[in-house]
Structures are given as structure tokens and as C-alpha cells.
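Participant: Kindly return the folded structure for what I paste below:
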Amino acid sequence: MAIFIVPMSRQLLFCIAFLFSTSALLHGQSVQWMPFNSSYKGSFQHKVLGADRSGYYVYTSSGRERAIEKFSYTGNPLYSHKIPLEDRNIEIEDLVVNKNEAVVFFSIYSGTLRKHGLFYMVLPHAGEAGKPTVLYDQDDISGRSRSNFKIVAKDDLSGYSMVHVNESASENMALDIRFADAAMQVEQQTRLFLPLDKQRYELRKLMHDPQNNLLLWLQVTDKEKRTNDPTKFYYKLLYINRSTLALQEATLRDTVFFFNSVQPVVDYANNKVRVSGFFSERDRYQMAGALHATLSLNPLQLDSIGFSRFDLEFKSRLLGSRSAKREKELADYFIRDLAVRSDGGTLLVAESNYETTQTYVQYSQGFPVYREIIYYHYDEIVVLSMNPDGTIDWRQIIPKAQVTTQPSPYTSFVSFVTDKHLNLVYNEEGRSKNAVLLYRINNQGDVLPRVILSPESDDAAILQPDAAVVTPTTLLIPAVKRKKKGIFRLTFELL
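Facilitator: Model prediction:
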């Protein structure tokens, strides 16, 4: 499930100024605990959606009950609106909150009928909820995993772009694309068919350019190429004009290097797409360095691409961050954030994620019984500041070693930008006797680590997937403090 809101200008949140004065440094932060006064009992999810001057919005779910609630910054409940959807087969796809209402998108899949539908409901902050209205009613769906919806809102919430991805047909991947206004009236629609006989496609990201034209980022695998051929794995960017439906495309691949975990971000100030990620040599699993590419829009074309190998000292530091029990090469790094610098470079934030297994032997009536446990690792954070030509300006490794026997919301980290600084927040241990750490990195690569919640005085753990940046200097993080759920408000102050 993905829930999002665009609470402020994208440039405030994601554009990092490349040049700054040290007099503008943030000298401190305050942490405020706001208890969560939900009527739900037992286990429930609470995800921050956004905020305005009077308070913040939270999506809550417990079993079949779902609601949008608003709280003041002192923790008092201001508003609660239950979403009248109790079927467990319903999946919330996206949710957008604006000044007067919330719009919830949800899908329903029926294996019996081989149908997959996308619906929306309008939930006004005051008054009755609107009725569910169908947006897509797709037939001949062969499986839930082969059909999905993706939605992206305009920056000013005046319209939406929606895509249904259907891989049910063996010969093609069908992309059903629709553009709608704020009232959800379809203004334009088109269908694209990507042949699957020689390639396999995965739609990784939807984006809008400054004119709200649609960009689709696809990862492609060539089935006919060998795994030791770099051209087997590449990326494709599709660019669709919102008014004319004209289609342009660009391909990003190399004949020497393998591309790993490559992501795009729109540079709205310069009407460009910046792409950064990792590359490897010989195979896909031995990370050798980082790449940076620039694409122009309208016409869509690749302007430049640059590669920068990691030096031996940095590789040694990465290898030193690995567990002594693990003897794999520099692999399993996944990009978690990609921000645009004001000079056209990027700030890349990646995390080491991998799995290990351990087998235990127990004897029952003299016979061995084998039990295998999977461990999920969320380790060090790698931060790279990339110049527009692909060279590395600076790099840092933030130490972290989280492990769990099942996927957990207490692992990984939250990253956000406050006035030319990258901030990384994460749990040191997990839920038991945990410290919450903050690492602040300026654009020279200098790091300042701090403990913002201590195990002795706070006994708290944050739920990083449900956090949201609600102002340029404020982060709201759902958390558990002494077994009670609530929100931590992390605020920075300017000198």
C-alpha cells in the first residue's frame, strides 16, 4: 500500500542548494511527543499523510476499519472520518489530502471473475463521504501479481495521471494510461503495448514534468542476452504529452558496465531528468562505482552520462561495514532517496539490504528435524554527492546494523532535507531498549551524529515507513513510546 500527499513545493523538499553559508546552519532540534488518541484497540497502523497550519492528518487502519483523522499539534483530536470500506480484499492504492477533502483510491481484485477495478471516494473534512466511483474495470486478469495500478497527482492537486499495468497477456504488457482533472473526469487516455517475446519490463516509477506531462521509468531485461552481457539489463524512459498524447522514449544502457539500482528524479528548475545509481563490472553483483546521467525534455534525449569508480579506500570502508559472517562482494545496495542539487548534480542515499539464513537441528524421537530461519538485514547507509559530469563530489558511510526475522516497520531509516542538510533518522536496535539516532550531513559531507531519543528516558521506537515531512523544518514520525502509540514531532530551528 502506498499513501502520499504533496504538502508543499517539491523544490522545498527535494532540491538541495549546492552553495551555502555556514551562518545558515541549524543549531538544534526539538522533539515533541504527541500521544495518539485513536478509538482503535490493539494493533493498528497510523501513517502521517500531511499537515496544515492547524494540525496534521493521519491514516489509521485496524483490521477492517480504516479512517482519516486530524490532530492539533498539541495532540488533541480535531476530526475523524471513517472510510466505509471493510472488505479485506480491498487494497488502498493512494490517498491525497488537500485543504477541503481527502481523495482515497482503492482497488478490488476478484480471481473468480478475473477482474481488477480501481475506484475512488471523496471524503470531505465535514459532511458525508461520497460514493465509490469506478475509474478502471479491467477484465481477463490472470493473477493479482500481474495487474497493478499506479497513480501520481499534479503538484497543485488539480489533476491526476493513472496507469494500469497488465501482464496477463503473454505476448504484451499493456499500459492503460488516463489523465483526469480534479473532479476525476478523464481528459485524455491512451494504451501502450510492450512486447514480451524478447524483453521483460517492470514499471518502477511515475513522474510529472513541470508541465504535468507523464514520465514512466521502466527497467528492461533482454531475454535473449546472456547474463554476462551488460546490454541484457537496461532502462527506458517513456515521455507522454498530456494534451496531444505524443510519445517519446529514451534508452539508458552501456556495453561495458552493468547498471544496478538506477533511479530518475525530475529537475523542475531546469526542465531536465537527472538519473543516478550504481554500476558494476564483469557481472551485476560487484559494485564498482556510481553513474550520473542527464536527459533533456521535449525533445527527450540523453545529454550526458558519466561514470566514477570507487577508490580503494572507500571500497575498504564498505567491506569493513559488512558482517564478518558474510563474504559477499559490494552488492545489495538499494537507492532510498535521490535529490537534485541546484547545480544539476544529485544526492544519492542508498541502503544495504540482504537476507541470510541459518539452519537449526532439533531431534524428535531420535530423528533430526531441520528448521531454517531467514534474517532480514538493513545495514549501512551510503550517501553520494554526484557532480553533473558524473564525478563524485563527496561520499559518506553511515553505520547501521539492523536485523529481524520478518519485515518490520522499525527497520531502515527516514531521510529528509532541511535547509541544505540531509538528515537521517533511524532506530539503533529496534523496539526494546532502543535509541533513536539522527545523522546530519551538510553539503560538504561533514557528519554530525546525535541521539535524539534515549532508551533510558524515552524508551521509544519510530515507524519509519509512516513518517512524513510536513514543513521544510518539521518531520512527523509515528512511534511507540512505553508501549503507547503516538507521533514524534522533530523540528529544527534556524540561527
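Participant: When you work out contacts or count neighbours from here on, use the C-alpha atoms and nothing else.
Facilitator: Fine.
Participant: lowest average confidence, helix or strand, in this structure?
Facilitator: Lowest mean confidence among the helices and strands of the chain (mean pLDDT, DSSP states H and E): helix 10-14, at a mean of 34.
Participant: which helix is the longest one in the chain?
Facilitator: In the chain, taking DSSP state H as the definition, the longest helix is helix 312-320.
Participant: Who are the packing partners of the helix or strand that comes right after it?
Facilitator: Counting by DSSP states H and E, the element after helix 312-320 in chain order, helix or strand, is strand 333-341. Judged by 3 or more C-alpha pairs under 8 Å, 6 or more residues apart in numbering; DSSP states H and E, strand 333-341 is in contact with strand 15-16, strand 258-267, strand 272-280, strand 346-364.
Participant: Specify the beta-bridge partners of residue 71.
Facilitator: Note on residue 71: beta-bridge partners residue 56, residue 77, judged by DSSP bridges.
Participant: From residue 179, how far off is it?
Facilitator: Per C-alpha to C-alpha, to the nearest Å, residue 71 is found 33 Å from residue 179.
Participant: Compare those two (neighbour count), which wins?
Facilitator: With neighbours defined as other C-alpha atoms under 10 Å, residue 71 and residue 179 compare such that residue 179 has more, 24 against 21.
Participant: so what's the more buried one up against?
Facilitator: Residue 179 makes contact with 159, 160, 161, 162, 186, 187, 188, 189, 242, according to C-alpha atoms under 8 Å, 6 or more residues apart in numbering.
Participant: quick revisit: got JSON lines for the helices and strands packed on strand 333-341, with mean pLDDT and mean neighbour count too?
Facilitator: Output for the helices and strands packed on strand 333-341, formatted as JSON lines (pLDDT from 0 to 100; neighbours: other C-alpha atoms under 10 Å):
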{"stretch": "strand 15-16", "mean pLDDT": "38", "mean neighbour count": "24"}
{"stretch": "strand 258-267", "mean pLDDT": "92", "mean neighbour count": "23"}
{"stretch": "strand 272-280", "mean pLDDT": "94", "mean neighbour count": "24"}
{"stretch": "strand 346-364", "mean pLDDT": "89", "mean neighbour count": "16"}
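Participant: for these, which one sits closest to residue 304?
Facilitator: Closest approach to residue 304 among the helices and strands packed on strand 333-341 (C-alpha to C-alpha): strand 272-280, 9.9 Å.
Participant: Output that closest one in PDB with nothing but the alpha carbons.
Facilitator: Output of strand 272-280 as PDB, limited to C-alpha atoms (Å, rounded to 0.1, in the frame of the first residue of the first chain):
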ATOM      1  CA  LYS A 272      15.600  18.000 -17.000                       C
ATOM      2  CA  VAL A 273      15.600  14.500 -15.800                       C
ATOM      3  CA  ARG A 274      18.600  13.500 -13.600                       C
ATOM      4  CA  VAL A 275      19.500   9.800 -13.300                       C
ATOM      5  CA  SER A 276      21.900   8.300 -10.700                       C
ATOM      6  CA  GLY A 277      22.700   4.900  -9.500                       C
ATOM      7  CA  PHE A 278      25.400   2.200  -9.300                       C
ATOM      8  CA  PHE A 279      27.300   0.300 -11.900                       C
ATOM      9  CA  SER A 280      29.400  -2.800 -11.800                       C
END
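Participant: if we can go back for a sec, tell me the mean pLDDT for the longest helix of the chain?
Facilitator: On average, the pLDDT along helix 312-320 is 81.
Participant: same thing with stretch 202-214?
Facilitator: The model assigns stretch 202-214 a mean pLDDT of 96.
Participant: Over to stretch 122-139?
Facilitator: Across stretch 122-139, pLDDT averages out at 87.
Participant: Tell me the buried residues in that stretch?
Facilitator: 122, 123, 124, 125, 129, 132, 135, 136, 138 (16 or more other C-alpha atoms under 10 Å).
Participant: what's it in contact with?
Facilitator: With C-alpha under 8 Å, 6+ apart as the test, stretch 122-139 has contacts from 79, 81, 83, 100-104, 114-121.
Participant: chain center to the longest helix of the chain, what's the gap?
Facilitator: Distance of helix 312-320 from its chain centroid, counting by C-alpha atoms, centre = their mean, to the nearest Å, is 27 Å.
Participant: Check which helices and strands that helix sits against.
Facilitator: Helix 312-320 packs on no helix or strand, going by 3+ C-alpha pairs under 8 Å, 6+ apart.
Participant: Please identify the buried residues of that helix?
Facilitator: Quick answer for helix 312-320 (16+ other C-alpha under 10 Å): 315, 318, 319.
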